[in-house]
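**Q** please work out how this folds:
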Amino acid sequence: MNENKKKVITTIVAIIAIIGIVVVGIILSHKSRNGEKPYVPGNPTQTDDQSSADDPNSSDYAEPMPTYSAANYLNDKVLSAQDKQGNMLSVGVQGVDFDGLIFAPQYSNAGQNYKVGYYINYRSNNSLFLASDTEYSDIESVKGNNVFISQTYDRLKTAEYTDNNNFGVAFKLPIGPPPLPEMNVKITAVRMDTHNVLGSYTLVIAYEDEKFCFKELYNNDVTLIPEDKLRERWNVSGSNQETVDDINEGFKRQEARLKAQGNEGSGFEMLTLTPYENVDFNAISDKLIAQAKAIRDSGDFGTSDEPMELSTFVELAIQPAQKLYLTSAHDVKYVMDEFQSPVWAVTINSINPNVGAYTYYFTVENITQYMNNELAFVGMDFATKDTAEHYTNLTKEPIERYQEGYSGDEEAAEAEQE
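**A** Numbering: from 1, shown residues only. The predicted structure follows:
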């Protein structure tokens, strides 16, 4: 190749290189003006998607989500609480090193012919709980005398602790946001042969010094719940002072208009919030039980065709035991979407195991003037929970249909309506 050709080729290569540099510069400048992070050749660890959130020195830096191991769970105590009949529920194990908090619930009178089942709910979500049984069983084949109920009585797993491979049911928080200092888990105990509700309990899980532990267990019945817990629920329930003030302002304006029209002595009784010390919870319980029985006997939300009243109890409920409930309008709702908290919960046990128990929910009203009126009925737990097929085929029809043994067959259901 002669010298002239070499010079021409060299010149062309140089021009192409210069054009490439200019083009790259324009692209980088354009990305910079548009707020994009340009890709820099020669840095294999950086990509266009990488965020400054990974840089601890950046204002956008976000702490990584915490993870937990066995060292974060203290299985160091057994807690207990009584029901109205004097039977004892215990929860927890002692001296076990495990990657989670083991429930191991045991009822003092549970036995081969008296199995006890438990609904265990945190904010109506079971996703924080794991079980050692991989498959669900029915009451005849489930292991142990204390069992975990997954909504219906044909979906059971053992709740008993044998060893770390057969641990029953445990609380385990997966990777996620930092936990609350205290988490309230609702445990509802059910006698599996009669399907009666033995008691409703709250288990408090605490997170202290980067460790989870069971802190407290108590019965939710208003006659058994610790006073500080009942006071706390009452003080956050019903109306607030702002609502009361708005109502009273309306009374005052109405009274002023009436007086302006010459209607003297029309005086409205101003409302006040009922302080905890002034509440007669026994009287409220009696009234609510009577109201619940009247609703049941009406036939719209229950039936009085079998002997009842084996036992009853009333609680200020933070949440129901079921994920679904039947509203006062016969609509089926998810608790997590619709349920207001807290509400009065009235449980009436039945001698009929096909029903087991009715639990009715009522609004809480702590305005003095309204306390003598009936509290609004807002819905109830489904009484028929025998099979998953029943439960997954719930419709907006009255609950009597499910008490009569609705099979879940949609074609049969349509035929019934024709």
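**Q** for Lys84, what are phi and psi?
**A** phi -70, psi -20 (degrees, to the nearest 10).
**Q** where's it relative to Thr312, distance?
**A** Separation of Lys84 from Thr312 (CB to CB, to the nearest Å) stands at 9 Å. The C-beta positions use only the backbone N, C-alpha and C, and glycine is treated the same way.
**Q** neighbour count winner among those two?
**A** Between Lys84 and Thr312, Thr312 has the larger neighbour count (other CB atoms under 10 Å), namely 21 against 14.
**Q** I figured the more buried one hits Ile289, correct?
**A** Yes. The pair Thr312 and Ile289 passes the contact test of CB atoms under 8 Å, sitting 5.3 Å apart.
**Q** overlap in contacts of the two?
**A** Val346, Ile348 (CB atoms under 8 Å, 6 or more residues apart in numbering).
**Q** so where's the stretch 51-200 of the chain uncertain?
**A** Within the stretch 51-200 of the chain, the ranges that satisfy pLDDT under 70 run 51-66, 123-127, 175-178.
**Q** show me where it has strands.
**A** Secondary structure of the stretch 51-200 of the chain by DSSP state E, counting those that start in this stretch: the strands cover 73-76, 79-82, 88-91, 94-96, 101-102, 106-107, 116-121, 129-131, 146-150, 152-158, 169-171, 182-191, 196-208.
**Q** which one of those strands lies nearest to Trp344?
**A** Closest approach to Trp344 among these (CB to CB): strand 196-208, 12.4 Å.
**Q** parallel or antiparallel, which strands does that closest one pair with?
**A** Note on strand 196-208: by DSSP bridges, its sheet partners are strand 182-191 (antiparallel), strand 211-219 (antiparallel).
**Q** ok so, going back, need the strands of the stretch 51-200 of the chain in TSV with mean neighbour count and distance to Asp246, can you?
**A** Formatted as TSV, the strands of the stretch 51-200 of the chain follow (neighbours: other CB atoms under 10 Å; distance: least, CB to CB, whole Å):
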stretch	mean neighbour count	distance to Asp246
strand 73-76	19	47
strand 79-82	16	40
strand 88-91	19	43
strand 94-96	12	53
strand 101-102	26	44
strand 106-107	21	47
strand 116-121	23	35
strand 129-131	17	42
strand 146-150	25	43
strand 152-158	21	44
strand 169-171	23	42
strand 182-191	20	31
strand 196-208	21	33
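**Q** turn the ones you listed into TSV, including distance to Asn349.
**A** Converted to TSV, the strands of the stretch 51-200 of the chain look like this (distance: least, CB to CB, whole Å):
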stretch	distance to Asn349
strand 73-76	33
strand 79-82	17
strand 88-91	17
strand 94-96	33
strand 101-102	30
strand 106-107	16
strand 116-121	14
strand 129-131	26
strand 146-150	16
strand 152-158	16
strand 169-171	25
strand 182-191	9
strand 196-208	4
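**Q** what is the helix or strand harbouring Lys333 packed up against?
**A** If you go by DSSP states H and E, Lys333 is part of strand 332-334. Strand 332-334 sits against strand 324-327, with contacts defined as 3 or more CB pairs under 8 Å, 6 or more residues apart in numbering; DSSP states H and E.
**Q** same question for the strand it packs on, mean pLDDT?
**A** Mean per-residue pLDDT for strand 324-327: 82.
**Q** pull the CA atoms of it into PDB?
**A** Presented in PDB, the C-alpha positions along strand 324-327 are these (Å, rounded to 0.1, in the frame of the first residue of the first chain):
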ATOM      1  CA  LEU A 324     -66.000 -13.500  55.500                       C
ATOM      2  CA  TYR A 325     -69.200 -12.400  57.300                       C
ATOM      3  CA  LEU A 326     -72.800 -11.900  56.400                       C
ATOM      4  CA  THR A 327     -73.900  -8.200  56.700                       C
END
